[in-house]
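> Provide a 3D model corresponding to the input given below.
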Amino acid sequence: MAWPKDVGILAIEVYFPYLYVDQSELEVFDNVSTGKYTIGLGQDKMGFCSDIEDINSLCLTVVSNLLEQNHIDTSEIGRLEVGTETIIDKSKSVKTFLMQLFKDNTDVEGIDTTNACYGGTSALFNCINWIESSAWDGRYALVVCGDIAVYASGNARPTGGAGAVAMLIGPHAPIIFERGIRSSHMKHAYDFYKPDLMSEYPVVDGKLSVECYLSALDQCYQLYKKKVAITSKGMKESAENSLPPPSSVSSSSTFTIQSADAFLFHSPYCKLVQKSLARLLFNDFLSSSSSSTTSPSFNHDDNASKLFADLERFRNVNLKESYFNKDLETSLMNASRDLYNSKTKPYLYLSNQIGNMYTPSLYAGLAVYIFRHKTVDEMLGKTIVLFSYGSGLASSMFSIKISNQNTETLTKIHNSLKSLSTRLESRKKVEPLSFQKMMKLREETHHLAPYEPISCTDDLFPGTFYLKKIDEKHRRTYERKVPYHLNNGTSASSTASSLSCNHVHYNNHH
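I've put the predicted structure just below:
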């Protein structure tokens, strides 16, 4: 079997909850200063789940939607891998629940992978590696990233969120993962962790978490730049087994923030992403010649020369000592503002409106990148750099190229994501007091057995799977609110599909 060509994304689907709380209203309710959440964190709204949704239902929903909208037969899937840190069973994987959708196709490799917000990226890499390996049998791989991010009441609660992303991976894709220039940084740290298995809430060292994130970004970006240089110099393009360097750096081995068309980041909150883009500029500045105060990819233009000249007083600042240097941070944020506004901010739309989805966060940004372009032609040939981070810690930087070929599939992906804004606008706003009560309900019941959720299916999008009950042996049963295309005028709140461990069937649900 020949080396598969142009391995990448053939379809992508995003799911987020129907319920949200307004961050400005939450500021008032929490009696904090105006703008603490909306400006300080950069968040406008936060999606959340009631007791009727869990990690299994989120993933069942996003996978079903992707398969149905793209008319994919489950027999065409040869690997299914889930990235999540929302653990509700210490043995049984989320992937095994998803197998209920796969009918008679039990020959499906892959399980769950977990490390904070990085699990989805590990699942993605595993699927890419499978397709590019001798084990590949010619079928698609399916990556599922899903999480419910909840925090105890207090300063961290506004950084929650929930959602899921599914990506169909295969050859001849329009959204191609570039070979040979992944960089990773792995390290032991207690910045964020969940040692209490009876609680959904993490233990967070806020200051250390920010330092770990930015330090990992520095390490990954520096190594990524080196690998681009090696790739540009050492690899020859061939029909089967080579990695062409990104077109943006094909004439130069020097990669800078100007070399890519967009930068996407794991987004705990939008303000940290803005700081992250600024860090990339700082790394470019430190690697530039102090005599020229610019670098090749900035083309020695006047703006770039002035930009680096304004940073010259920070040239001797040590990276390790720079993470909480407010003077430096302010200067970098100002210097990188235009770059941030053009290369990153437009793609934080879902992060701003939903919050931190954990593992799906980065890939929700990719979906927005596609969705935000008015036409497919605007994306052709573009290079996107992605940074993935999971506390504890694990991190990687890699890049995607939008192919000039297979525009039909890219158009299909683009069209499938047009409903994102409509779905966001159709959500139900919940008052902060009701939100607090619903969070208290999750806190008190998420581990109970037997248990039947008390929340209403009216507060779900059509086509959403939900937790029907947990029996005395902790076995979970799910049902599905009827999708739009099956409703036929019947009230979605009165009809549902029932999902058991053995089959899927439709019945009346009262």
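> CA atoms for contacts and neighbours, from now on please.
Fine.
> what secondary structure does the closest residue to Val368 other than its chain neighbours sit in?
Spatial nearest neighbour of Val368, chain neighbours left out: Tyr347 (5.3 Å); criterion: Cα to Cα, 6 or more residues apart in numbering. The three-state label for Tyr347, taken from DSSP: H, G, I helix; E, B strand; the rest coil, comes out as helix.
> wait, Tyr347 touches Ser361, no?
No: under the criterion of Cα atoms under 8 Å, Tyr347 makes no contact with Ser361, lying 11.0 Å away.
> quick one: which of these two has more around it?
Ser361 (33 against 25; other Cα atoms under 10 Å).
> if I pick the more buried one, what's in contact with it?
With contact taken as Cα atoms under 8 Å, 6 or more residues apart in numbering, Ser361 is in contact with 266-268, 351.
> same check on Ser455?
50-52.
> so which of the residues you listed comes closest to Ala156?
Closest to Ala156 out of the contacts of Ser455 is Ser50 (18.7 Å), distances taken as Cα to Cα.
> and the nearest residue to Leu19 once chain neighbours are set aside, how far from Phe435?
Closest residue to Leu19 apart from its sequence neighbours, by Cα to Cα, 6+ apart: Lys428 at 5.0 Å. Using Cα to Cα, to the nearest Å, we find Lys428 at a distance of 12 Å from Phe435.
> in terms of neighbours, single out the busier of those two.
Using other Cα under 10 Å as the criterion, Lys428 and Phe435 rank with Phe435 on top: 19 against 15.
> Three-state assignment for that one, please.
The local conformation at Phe435, judged by three-state DSSP, is helix.
> just checking, Gly360 touches Asp147?
No Gly there; residue 360 is Pro. Yes: using Cα under 8 Å, Pro360 is in contact with Asp147, at 7.3 Å.
> now list whatever residues contact both of the two.
Contacts common to Pro360 and Asp147, judged by Cα under 8 Å, 6+ apart, are 163-164.
> returning to what we had before: ok, now which ones touch the residue nearest to Val368?
Shown in contact with Tyr347 (Cα under 8 Å, 6+ apart): 264, 365-366, 368-369, 372.
> rerun at 6 Å
Applying Cα atoms under 6 Å, 6 or more residues apart in numbering, one finds that Tyr347 lies in contact with 365, 368-369.
> columns pLDDT and secondary structure on top of those, output as CSV?
Output for those, formatted as CSV (pLDDT from 0 to 100; DSSP: H, G, I helix; E, B strand; the rest coil):
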residue, pLDDT, secondary structure
Gly365, 98, helix
Val368, 98, helix
Tyr369, 98, helix
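> any low-confidence regions in this protein?
Within the chain, the segments meeting pLDDT under 70 span 1, 233-253, 290-305, 485-510.
> the stretch 401-510 of the chain: helices as residue ranges?
407-416, 420-425, 432-445, 484-487 (DSSP state H, counting those that start in this stretch).
> can you pull the buried residues of the longest one?
The one in question is helix 432-445. Going by neighbour count (16 or more other Cα atoms under 10 Å), the buried part of helix 432-445 is 432, 435, 438-439, 441-443.
> who wins on neighbours among the contacts of Tyr347?
Ranked by neighbour count (other Cα under 10 Å), these have Gly365 at the top, with 25 neighbours.
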